[in-house]
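K.L.:
Model the structure of this input:
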Amino acid sequence: MYSNIFDSHAHYDDKQFDSDRDGLLSSFEQNGVSGVICCGVNAESSAAALALSEKYGFIFAAVGFHPLNLDDYYEGALEKIKELSKRAKCVAIGEIGLDYHYEKESKARQIRLFEQQLALAAELNLPVIIHDREAHEDTLNLIREYRPRGVVHCFSGSAETAAEIIKAGMYIGFGGAVTFKNAVKPCEAAKAVPDSRLLIETDAPYMSPVPFRGKRCDSRLIPNTAEKLAQIRGCTAQQILDLTAANAKKLFNIG
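P.N.:
Got it, this is the predicted structure:
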């Protein structure tokens with residue numbers, strides 16, 4: 001059995017886990033899961049992520065507004081995120097970023113909120129967890145401008161874009177998408193990322209790796225992704241797990 005599985009991005013407050021959340025999470029450590037970053041997408045889910053982190057020792061929280069949750073934003077919401085960020089188990093501002101797949105008409109609002117949260121992370125000296133979907137150019141420009149510490153999660157861009165993100169000081173997170181049949185670009189990027197900048201994740205309950213694609217994802221499935229990354233990078237899956245666990249602890253300042 002694999003050990004030292006550190007899931008750098010999941011959403012265990014999601015309603016898909018309502019029926020069995022506690023039983024599932026209680027099983028993780030015996031299945032080799034040593035750490036999870038549970039990411040908020042608005043003020044409510046950020047508080048829920050923190051509540052889970054305070055219940056389970058291996059869970060840590062990130063707080064923030066996802067670009068597809070603009071409708072949940074309200075006057076004073078960033079102050080609420082700032083308040084939540086000061087609790088002991090909060091290790092990052094996230095999930096923040098840009099998503100132009102569904103919401104192209106909201107680009108300006110997305111960019112404004114992203115910038116506000118990048119500034120907040122700098123003020124609080126916290127890393128960021130960045131979502132980038134079909135917004136590579138704007139995301140990279142803002143990373144270059146604000147120079148945050150952090151990770152671009154569920155990376156879907158080219159090896160060239162990954163190199164520019166790494167040059168700006170960021171990490172790259174890979175999930176189940178690298179196991180998909182048509183995942184040419186993510187696999188090329190996964191081969192090129194230096195050891196010191198590699199993270200592994202689920203994005204649970206989404207993005208289950210093959211052979212579980214289409215089913216609910218959770219952190220126990222990370223070894224399937226690790227095996228694919230090991231094949232790409234010419235090492236063992238356990239080496240991938242050990243490397244990415246060490247990188248996650250370093251980035252998120254987890255002892």
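K.L.:
And the next helix or strand past the helix or strand in which Phe6 is found?
P.N.:
Using DSSP states H and E, Phe6 sits in strand 5-10. Toward the C-terminus, strand 5-10 is succeeded by helix 21-26 as the next helix or strand (DSSP H and E).
K.L.:
Quick one: distance of that following helix to the chain centre.
P.N.:
20 Å (CA atoms, centre = their mean, to the nearest Å).
K.L.:
re the thing from before, quick one: mean pLDDT for the strand holding Phe6?
P.N.:
Per-residue pLDDT over strand 5-10 has a mean of 98.
K.L.:
And it, how far out from the chain middle?
P.N.:
That offset, for strand 5-10, works out to 8 Å (CA atoms, centre = their mean).
K.L.:
pull the CA atoms of it into CSV?
P.N.:
The C-alpha trace of strand 5-10 is given here as CSV (Å, rounded to 0.1, in the frame of the first residue of the first chain):
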residue,chain,number,x,y,z
ILE,A,5,-0.3,10.8,0.2
PHE,A,6,-0.7,14.6,0.4
ASP,A,7,-3.7,15.9,-1.5
SER,A,8,-2.9,19.5,-2.2
HIS,A,9,-6.4,20.4,-3.4
ALA,A,10,-9.8,19.1,-2.5
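K.L.:
helices or strands up against that strand?
P.N.:
Contact here means 3 or more CB pairs under 8 Å, 6 or more residues apart in numbering; DSSP states H and E; on that basis strand 5-10 packs against strand 33-39, strand 198-200, helix 222-233, helix 237-251. C-betas here are computed from N, CA, C, even on glycine.
K.L.:
If we go by neighbour counts, what in stretch 220-231 is buried?
P.N.:
The neighbour-count check on stretch 220-231 (16 or more other CB atoms under 10 Å) flags 220-231 as buried.
K.L.:
Now pLDDT too, for those residues, in a markdown table please.
P.N.:
Shown next, in a markdown table, are the buried residues of stretch 220-231 (pLDDT from 0 to 100):
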| residue | pLDDT |
| --- | --- |
| Arg220 | 98 |
| Leu221 | 98 |
| Ile222 | 98 |
| Pro223 | 98 |
| Asn224 | 98 |
| Thr225 | 98 |
| Ala226 | 98 |
| Glu227 | 98 |
| Lys228 | 98 |
| Leu229 | 98 |
| Ala230 | 98 |
| Gln231 | 98 |
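K.L.:
Asn42 reaches Phe65, doesn't it?
P.N.:
Yes - counting by CB atoms under 8 Å, Asn42 touches Phe65, with 5.6 Å between them.
K.L.:
shared neighbours of those two, anything?
P.N.:
Common neighbours of Asn42 and Phe65, counting by CB atoms under 8 Å, 6 or more residues apart in numbering, are 72-73, 77.
K.L.:
Please list only the buried members of the residues you listed.
P.N.:
Ala77.
K.L.:
and the shared contacts of Asn42 and Phe65 as TSV, adding distance to Phe58, pLDDT and secondary structure?
P.N.:
Putting those into TSV (distance: CB to CB, whole Å; pLDDT from 0 to 100; DSSP: H, G, I helix; E, B strand; the rest coil) gives the following:
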residue	distance to Phe58	pLDDT	secondary structure
Asp72	28	93	helix
Tyr73	31	92	coil
Ala77	29	95	helix
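K.L.:
ranges for the helices of the chain?
P.N.:
21-26, 43-55, 77-85, 107-124, 136-146, 159-167, 184-192, 222-233, 237-251 (DSSP state H).
K.L.:
quick one: contacts of the last one?
P.N.:
Contacts of helix 237-251 from elsewhere in the structure, counted by CB under 8 Å, 6+ apart, are 2-6, 8, 34-35, 37, 127, 149-151, 171, 195-200, 222-223, 226-227, 229-230, 233, 254-255.
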